[in-house]
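[1] Just a sequence and a predicted model for now, questions to come.
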Amino acid sequence: MNPSRAGFSLVEVLVSVMLFAIIGVISTGMLNASLTARDINQASADRAEMIDRARLLMREDFGQLVNRAVRQPDGRSGGAGFAGSTTGLAGSAGLASDMTLIAFTRAGRPNPGGLQPRGSLQYVEYVRAGDRLIRRSWAYPDRQFDTPASEFVLLSDVDALDVAFLNLNSWVTAMASGAHQGQATSLPRAVRLRAEMTDATDLEFVLLTPEFPS
(Lines give C-alpha, C1' and ligand atoms only; values in the text may rest on other atoms or scores of the structure.)
Protein backbone atom coordinates (compact mmCIF):
# COMPACT_ATOMS: atom_id res chain seq x y z
CA MET A 1 0.00 0.00 0.00
CA ASN A 2 1.18 3.46 -0.85
CA PRO A 3 1.77 5.21 2.53
CA SER A 4 0.82 8.57 1.03
CA ARG A 5 -2.70 7.25 0.36
CA ALA A 6 -3.18 5.50 3.72
CA GLY A 7 -6.18 6.67 5.89
CA PHE A 8 -7.30 6.13 9.49
CA SER A 9 -7.89 2.63 10.62
CA LEU A 10 -11.25 1.59 12.06
CA VAL A 11 -9.74 1.36 15.54
CA GLU A 12 -8.38 4.89 15.30
CA VAL A 13 -11.76 6.20 14.17
CA LEU A 14 -13.56 4.43 17.03
CA VAL A 15 -11.06 5.76 19.57
CA SER A 16 -11.52 9.30 18.24
CA VAL A 17 -15.31 9.02 18.39
CA MET A 18 -15.11 7.70 21.94
CA LEU A 19 -12.82 10.56 23.01
CA PHE A 20 -15.14 13.16 21.49
CA ALA A 21 -18.10 11.49 23.21
CA ILE A 22 -16.33 11.58 26.58
CA ILE A 23 -15.41 15.23 26.10
CA GLY A 24 -19.02 15.99 25.16
CA VAL A 25 -20.37 14.25 28.26
CA ILE A 26 -17.92 16.08 30.52
CA SER A 27 -18.71 19.44 28.89
CA THR A 28 -22.45 18.85 29.22
CA GLY A 29 -22.04 17.89 32.87
CA MET A 30 -19.99 21.00 33.59
CA LEU A 31 -22.55 23.19 31.82
CA ASN A 32 -25.43 21.61 33.76
CA ALA A 33 -23.54 22.04 37.03
CA SER A 34 -22.87 25.69 36.19
CA LEU A 35 -26.53 26.33 35.34
CA THR A 36 -27.68 24.55 38.52
CA ALA A 37 -25.28 26.61 40.65
CA ARG A 38 -26.52 29.77 38.96
CA ASP A 39 -30.14 28.85 39.65
CA ILE A 40 -29.34 28.04 43.29
CA ASN A 41 -27.50 31.33 43.74
CA GLN A 42 -30.37 33.25 42.13
CA ALA A 43 -32.93 31.49 44.33
CA SER A 44 -30.86 32.32 47.42
CA ALA A 45 -30.57 35.95 46.36
CA ASP A 46 -34.32 36.18 45.68
CA ARG A 47 -35.09 34.64 49.08
CA ALA A 48 -32.75 37.03 50.91
CA GLU A 49 -34.33 39.98 49.09
CA MET A 50 -37.82 38.76 50.01
CA ILE A 51 -36.90 38.43 53.70
CA ASP A 52 -35.23 41.85 53.82
CA ARG A 53 -38.22 43.46 52.11
CA ALA A 54 -40.65 41.76 54.51
CA ARG A 55 -38.61 42.79 57.55
CA LEU A 56 -38.49 46.42 56.41
CA LEU A 57 -42.22 46.63 55.70
CA MET A 58 -43.20 44.90 58.95
CA ARG A 59 -40.91 47.20 60.91
CA GLU A 60 -42.61 50.21 59.32
CA ASP A 61 -46.10 48.79 59.94
CA PHE A 62 -45.71 47.94 63.60
CA GLY A 63 -43.51 50.93 64.32
CA GLN A 64 -46.43 53.20 63.37
CA LEU A 65 -49.35 51.43 65.03
CA VAL A 66 -52.25 53.63 66.09
CA ASN A 67 -54.79 52.50 68.68
CA ARG A 68 -57.75 53.79 66.70
CA ALA A 69 -61.05 51.91 66.63
CA VAL A 70 -62.37 51.30 63.13
CA ARG A 71 -65.83 51.02 61.64
CA GLN A 72 -66.72 47.56 60.36
CA PRO A 73 -67.55 47.11 56.65
CA ASP A 74 -71.23 46.65 57.60
CA GLY A 75 -71.25 50.07 59.25
CA ARG A 76 -70.99 48.93 62.86
CA SER A 77 -68.52 50.77 65.05
CA GLY A 78 -66.26 49.41 67.72
CA GLY A 79 -63.76 47.44 65.68
CA ALA A 80 -60.53 46.98 67.60
CA GLY A 81 -57.69 49.28 66.74
CA PHE A 82 -55.42 46.25 66.94
CA ALA A 83 -56.27 42.56 66.99
CA GLY A 84 -54.17 39.46 66.56
CA SER A 85 -54.38 35.73 67.14
CA THR A 86 -52.10 32.88 66.17
CA THR A 87 -55.21 30.78 65.42
CA GLY A 88 -56.78 33.45 63.21
CA LEU A 89 -59.30 36.25 63.63
CA ALA A 90 -63.00 35.81 62.98
CA GLY A 91 -64.97 37.95 60.56
CA SER A 92 -62.07 39.25 58.49
CA ALA A 93 -62.26 40.02 54.80
CA GLY A 94 -60.95 37.65 52.15
CA LEU A 95 -61.50 34.09 51.03
CA ALA A 96 -62.84 31.48 53.40
CA SER A 97 -59.55 29.60 53.11
CA ASP A 98 -57.57 32.68 54.22
CA MET A 99 -56.62 33.11 57.87
CA THR A 100 -56.12 36.64 59.14
CA LEU A 101 -53.48 36.63 61.87
CA ILE A 102 -53.20 40.36 62.65
CA ALA A 103 -55.38 43.39 61.87
CA PHE A 104 -54.44 46.94 62.78
CA THR A 105 -54.49 50.63 61.94
CA ARG A 106 -51.23 52.38 61.20
CA ALA A 107 -50.17 55.94 60.49
CA GLY A 108 -47.55 57.32 58.18
CA ARG A 109 -49.02 56.54 54.78
CA PRO A 110 -47.70 59.26 52.49
CA ASN A 111 -50.07 61.51 50.57
CA PRO A 112 -47.79 63.92 48.68
CA GLY A 113 -49.37 67.32 48.30
CA GLY A 114 -52.62 66.05 49.80
CA LEU A 115 -53.77 65.06 46.33
CA GLN A 116 -55.78 62.07 47.52
CA PRO A 117 -58.98 62.63 49.57
CA ARG A 118 -57.71 60.67 52.56
CA GLY A 119 -55.58 61.01 55.66
CA SER A 120 -52.38 59.21 56.58
CA LEU A 121 -54.10 56.30 58.37
CA GLN A 122 -54.31 52.88 56.77
CA TYR A 123 -56.00 49.62 57.75
CA VAL A 124 -53.83 46.53 57.33
CA GLU A 125 -54.26 42.78 57.74
CA TYR A 126 -51.60 40.07 57.77
CA VAL A 127 -53.16 37.03 56.15
CA ARG A 128 -52.03 33.42 55.80
CA ALA A 129 -53.15 32.23 52.35
CA GLY A 130 -51.88 28.77 51.50
CA ASP A 131 -48.09 28.84 51.67
CA ARG A 132 -47.91 32.64 51.62
CA LEU A 133 -48.05 35.45 54.17
CA ILE A 134 -49.89 38.34 52.54
CA ARG A 135 -50.10 41.97 53.59
CA ARG A 136 -53.58 43.18 52.68
CA SER A 137 -54.20 46.91 53.04
CA TRP A 138 -56.96 49.46 52.50
CA ALA A 139 -56.48 53.15 51.81
CA TYR A 140 -59.07 54.06 54.48
CA PRO A 141 -59.31 52.63 58.01
CA ASP A 142 -63.13 52.76 57.94
CA ARG A 143 -63.62 50.61 54.87
CA GLN A 144 -66.75 49.24 53.23
CA PHE A 145 -67.38 45.90 51.55
CA ASP A 146 -66.58 47.35 48.13
CA THR A 147 -63.47 49.25 49.24
CA PRO A 148 -60.62 47.86 47.12
CA ALA A 149 -57.68 46.25 48.88
CA SER A 150 -54.05 46.05 47.86
CA GLU A 151 -52.09 42.85 48.41
CA PHE A 152 -48.38 42.28 48.79
CA VAL A 153 -46.70 38.91 49.38
CA LEU A 154 -44.43 39.23 52.39
CA LEU A 155 -43.27 35.60 52.50
CA SER A 156 -43.77 32.60 50.23
CA ASP A 157 -43.06 28.88 50.63
CA VAL A 158 -44.31 29.02 54.23
CA ASP A 159 -45.14 25.74 55.95
CA ALA A 160 -46.23 27.06 59.36
CA LEU A 161 -46.82 30.47 60.95
CA ASP A 162 -47.44 31.67 64.47
CA VAL A 163 -47.64 35.09 66.06
CA ALA A 164 -47.33 36.40 69.61
CA PHE A 165 -47.76 39.78 71.26
CA LEU A 166 -45.88 41.38 74.14
CA ASN A 167 -48.63 42.53 76.51
CA LEU A 168 -46.77 44.48 79.18
CA ASN A 169 -44.08 41.92 80.09
CA SER A 170 -45.71 38.69 78.90
CA TRP A 171 -45.98 37.11 75.47
CA VAL A 172 -49.54 36.11 74.58
CA THR A 173 -50.89 34.35 71.48
CA ALA A 174 -54.03 36.51 71.15
CA MET A 175 -54.67 40.16 71.92
CA ALA A 176 -57.09 42.96 71.03
CA SER A 177 -56.89 46.60 72.02
CA GLY A 178 -59.81 49.00 72.06
CA ALA A 179 -62.65 50.38 74.14
CA HIS A 180 -64.74 47.20 74.39
CA GLN A 181 -64.86 44.94 77.41
CA GLY A 182 -62.12 42.34 77.39
CA GLN A 183 -59.87 44.42 75.16
CA ALA A 184 -56.59 45.91 76.32
CA THR A 185 -56.45 49.67 76.63
CA SER A 186 -53.04 49.87 74.95
CA LEU A 187 -51.25 48.30 72.03
CA PRO A 188 -48.79 45.43 72.42
CA ARG A 189 -45.23 46.49 73.07
CA ALA A 190 -43.92 44.16 70.40
CA VAL A 191 -45.11 41.65 67.84
CA ARG A 192 -43.30 38.39 67.18
CA LEU A 193 -43.82 36.41 63.99
CA ARG A 194 -42.27 33.00 63.44
CA ALA A 195 -42.32 31.21 60.09
CA GLU A 196 -41.27 27.66 59.32
CA MET A 197 -40.40 27.47 55.65
CA THR A 198 -40.96 24.51 53.34
CA ASP A 199 -37.19 23.89 53.23
CA ALA A 200 -37.26 23.37 57.04
CA THR A 201 -35.52 26.66 57.84
CA ASP A 202 -37.01 28.94 60.50
CA LEU A 203 -37.47 32.70 60.42
CA GLU A 204 -38.28 34.95 63.36
CA PHE A 205 -39.21 38.62 63.31
CA VAL A 206 -39.55 40.67 66.50
CA LEU A 207 -41.08 44.07 65.73
CA LEU A 208 -41.27 46.88 68.28
CA THR A 209 -44.32 49.15 68.50
CA PRO A 210 -44.67 52.72 69.80
CA GLU A 211 -45.70 51.21 73.17
CA PHE A 212 -42.25 49.69 73.74
CA PRO A 213 -40.48 51.54 76.59
CA SER A 214 -37.74 53.79 75.29
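    Arrived safely.
[2] Okay, now the sheet partners of the longest strand belonging to the chain, with direction.
    For the chain, the longest strand by residue count, based on DSSP state E, is strand 158-167. According to DSSP bridges, strand 158-167 forms sheet pairs with strand 170-172 (antiparallel), strand 190-197 (antiparallel).
[3] Please identify which of the ones you listed is closest to F212.
    Smallest distance to F212 across these (C-beta to C-beta): 5.9 Å, for strand 190-197. For every residue, glycine as well, the C-beta is placed using N, CA and C.
[4] Report the buried residues of the next helix or strand after that closest one.
    Next in sequence after strand 190-197, counting helices and strands by DSSP states H and E, comes strand 202-208. For strand 202-208, a neighbour-count test (16 or more other C-beta atoms under 10 Å) marks F205, L207, L208 as buried.
[5] taking the mean pLDDT, what do you get for strand 202-208?
    Mean pLDDT, strand 202-208: 96.
[6] try stretch 101-117
    Taken as a whole, stretch 101-117 has a mean pLDDT of 75.
[7] Turn the buried residues of strand 202-208 into TSV, including distance to D159.
    Formatted as TSV, these follow (distance: C-beta to C-beta, whole Å):
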residue	distance to D159
F205	16
L207	21
L208	27
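[8] any idea which of those is closest to D98?
    F205 (20.2 Å).
[9] Is the closest one in contact with R192, as I believe?
    Yes: F205 is within contact range of R192, at 7.1 Å (criterion: C-beta atoms under 8 Å).
[10] quick one: low-confidence parts of the chain?
    Applying pLDDT under 70 to the chain flags residues 1-8, 39, 73-79, 91-97, 110-119, 178-185.
[11] Do a quick rundown of the helices in it.
    10-63 (DSSP state H).
[12] which residue packs closest to F152, ignoring adjacent ones?
    Closest residue to F152 apart from its sequence neighbours, by C-beta to C-beta, 6 or more residues apart in numbering: R135 at 4.6 Å.
[13] close enough to count as contact, the one you found and A129?
    No: distance between R135 and A129: 10.9 Å, which falls outside the contact criterion (C-beta under 8 Å).
[14] From T201, how far out is R194?
    12 Å (C-beta to C-beta, to the nearest Å).
[15] the more surrounded of these two?
    R194 (15 against 11; other C-beta atoms under 10 Å).
[16] so what's the more buried one up against?
    L161, D162, V163, A164, D202, L203, E204, F205 (C-beta atoms under 8 Å, 6 or more residues apart in numbering).
[17] could those be laid out in TSV, adding distance to A83?
    As requested, the contacts of R194 are exported to TSV (distance: C-beta to C-beta, whole Å):
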residue	distance to A83
L161	16
D162	16
V163	11
A164	14
D202	25
L203	23
E204	22
F205	19
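[18] quick one: which of those is nearest to F62?
    Of these, the one sitting nearest to F62 (C-beta to C-beta) turns out to be F205, at 9.3 Å.
[19] Many thanks, I have nothing further to ask.
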